[in-house]
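*Asks:* Provide a 3D model corresponding to the input given below.
(3 chains)
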Amino acid sequence: MTATAPTDLHPPRHQPVGVVLNAWFRAEARSLPWRRSGFGAWGILVSEFMLQQTPVNRVIPRLEEWLARWPTPADLAAVPASEAVRAWASLGYPRRALWLHAAAVQITEQHGGVVPHDVDTLLELTGIGDYTARAVAVFAYGHRHPVVDTNTRRVIARAITGQAEPAPPSRTRDLEAMNALLPPDDTEAAVFNAATMELGAVVCTARTPHCDDCPIRNTCAWRAAGYPVYDGPRKTVQKSFAGSDRQVRGLIMAELRSTHRPVTDAEITTLWPDATQRDRALAGLLVDGLAVAAPSGGYLLPD
DNA sequence: CAGGCGTGGAA
DNA sequence: TTTCCAAGCCT
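*Replies:* Numbering: from 1, shown residues only, chains lettered A, B, ... in the order given. Predicted coordinates for the structure are as follows:
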C-alpha cells in the first residue's frame, strides 16, 4: 500500500452543503408517490394539501385513491364538496378538503384546468399559503425558489445556526436563510429543497436525531458546538385532544361522513354529553362550511 | 400574531 | 399515562 496522499488527510471541508445533500438525497431518499417522474402538478398539489400537518404514511393511501377518482382538477370540481370531505376520511383538518375542492373549482374556472405555475397566482387559491405555493412551483414545475417547511427550519437551525431548535418562524428570515444555501442551477435547487426536507424528516428529526447517519455531520454547526440544548422561547403547548372542541367536531364530522341522510339533533346529542360544547362545535362547523342545515331538518355535508 | 383547527403513532 | 409531533393555513 502506498502512503495516503496529503489531500486525503485533508478532504474538502467546505464543499457546498447543496452538493453533499443532493448526492445523499439521490442515493438515499425514500421512494414516495409524488417523487415519481411525471406525477403531475395536480398530484403534487393534492399531496401538499394532504401533507399539511399529516404524516406521510397516513397520506399515501388517501392520495392514491383521490387521484384515481379525480385525475384532474376539473374532475374534482365537477363533484359536490361533500364528496371531497368523504374521501378525505380521517386525515384530519377537514377544512383542507373543502379548500382543495374550492381550489379545484378556481383552477377549472379561472386557469383553464391547469395548476398555475407562479407563486403569486398559486397564493390566490383557497388553502394555499406560502409553503404550498412554493412547493408546487418548485416540485411540480422546477422553478427556482426557496421552500421552507418545519423540517427545513429545523435543519437550518442546527446545521447552520447551531441551535437545537429553530426560533419561531419568520417568513422573511427563513426564506433568506434558505435562499443563501440554494444551488444556482434550477434543477439542483429543486432537489436541494426536497433534500433538506427529507433530511429533517428522516435524519435530523425533532426528538431523537440520527446524527451518526447524517451526511452533513462534519459541517454541522450544532454538532460542532457540542449539541447545546435549546434555550429560546418555547412553542405554545397544544391543549390535550381528549375533551377538546376538536374532538367533538371530529365526532360530528365522522357522523356526517358516515351517511348521505341528514344527521338529526338527536343523533348529535348521543355523540357528546355536554350540550354547551356540542352546540359550540356544531356552530363552528356551520361557520366553517363543513356542515349545512338540511331543509328537512338535521345537518348534511356541504354540496 | 396567537390561537384554533383532527387524528393517530411513538417516546 | 401524558406529551410531543406530523411537508400549514386562516383569522
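
*Asks:* so does stretch A:229-248 get close to DNA strand C?
*Replies:* Yes. Using Cβ under 7 Å from any atom of the strand, stretch A:229-248 comes into contact with DNA strand C via A:Lys235, A:Val237, A:Gln238, A:Ser240, A:Phe241. C-betas here are computed from N, CA, C, even on glycine.

*Asks:* Quick one: name the residues of the stretch 151-300 of chain A near DNA strand C.
*Replies:* Within the stretch 151-300 of chain A, the positions lying close to DNA strand C (Cβ under 7 Å from any atom of the strand) are A:151, A:154, A:194, A:197-198, A:200-201, A:205-207, A:235, A:237-238, A:240-241.

*Asks:* Please flag which of the residues you listed sit within helices.
*Replies:* Residues of these located in helices (DSSP state H): A:Asn151, A:Arg154, A:Ala194, A:Met197, A:Glu198, A:Gly200, A:Ala201.

*Asks:* what sits against the closest residue to the fifth one other than its chain neighbours?
*Replies:* What that stands for is A:Glu198. Of all residues not flanking A:Glu198 in the chain, A:Ala29 sits nearest, at 5.4 Å (Cβ to Cβ, 6 or more residues apart in numbering). Taking Cβ atoms under 8 Å, 6 or more residues apart in numbering, we find A:Ala29 in contact with A:Arg35, A:Ala194, A:Ala195, A:Glu198.

*Asks:* Then A:Ala195?
*Replies:* Neighbouring residues of A:Ala195 by Cβ under 8 Å, 6+ apart: A:Leu21, A:Asn22, A:Trp24, A:Phe25, A:Ala29.

*Asks:* which SSE is the first one in?
*Replies:* Right, A:Leu21. Per DSSP states H and E, A:Leu21 falls inside helix A:17-28.

*Asks:* Whatever helix or strand comes next after that helix and DNA strand C, are they touching?
*Replies:* Moving toward the C-terminus from helix A:17-28, the next helix or strand (DSSP H and E) is helix A:41-51. Yes. Residues of helix A:41-51 are located near DNA strand C by Cβ under 7 Å from any atom of the strand, namely A:Ser47, A:Glu48, A:Leu51.

*Asks:* By neighbours, which of the residues you listed wins?
*Replies:* Within the residues of helix A:41-51 next to DNA strand C, most neighbours by other Cβ atoms under 10 Å means A:Ser47, with 25 neighbours.

*Asks:* measure the residue nearest to that one when sequence neighbours are not counted to A:Thr219 for me?
*Replies:* Using Cβ to Cβ, 6+ apart and skipping residues adjacent in sequence, the residue nearest A:Ser47 is A:Trp34, 4.3 Å away. According to Cβ to Cβ, to the nearest Å, A:Trp34 and A:Thr219 sit 29 Å apart.

*Asks:* what does A:Ala266 give?
*Replies:* Going from A:Ala266 to A:Thr219 by Cβ to Cβ gives 64 Å.

*Asks:* Kindly report the same for A:Val202.
*Replies:* For A:Val202, the distance to A:Thr219 - Cβ to Cβ - is 19 Å.

*Asks:* before we move on, what about A:Ser37?
*Replies:* Taking Cβ to Cβ, one finds A:Ser37 at 31 Å from A:Thr219.

*Asks:* Show me which of those two is the more surrounded one.
*Replies:* Legend: neighbour count by other Cβ under 10 Å for A:Ser37 and A:Thr219, higher for A:Thr219 (17 against 4).

*Asks:* And the residue of the stretch 201-303 of chain A that's closest to DNA strand C?
*Replies:* DNA strand C sits closest to A:Ala206 of the stretch 201-303 of chain A, with a gap of 3.3 Å, by Cβ to the nearest atom of the strand.

*Asks:* Repeat that for the stretch 1-150 of chain A.
*Replies:* The nearest approach of the stretch 1-150 of chain A to DNA strand C comes at A:Gly129, 2.6 Å away (Cβ to the nearest atom of the strand).
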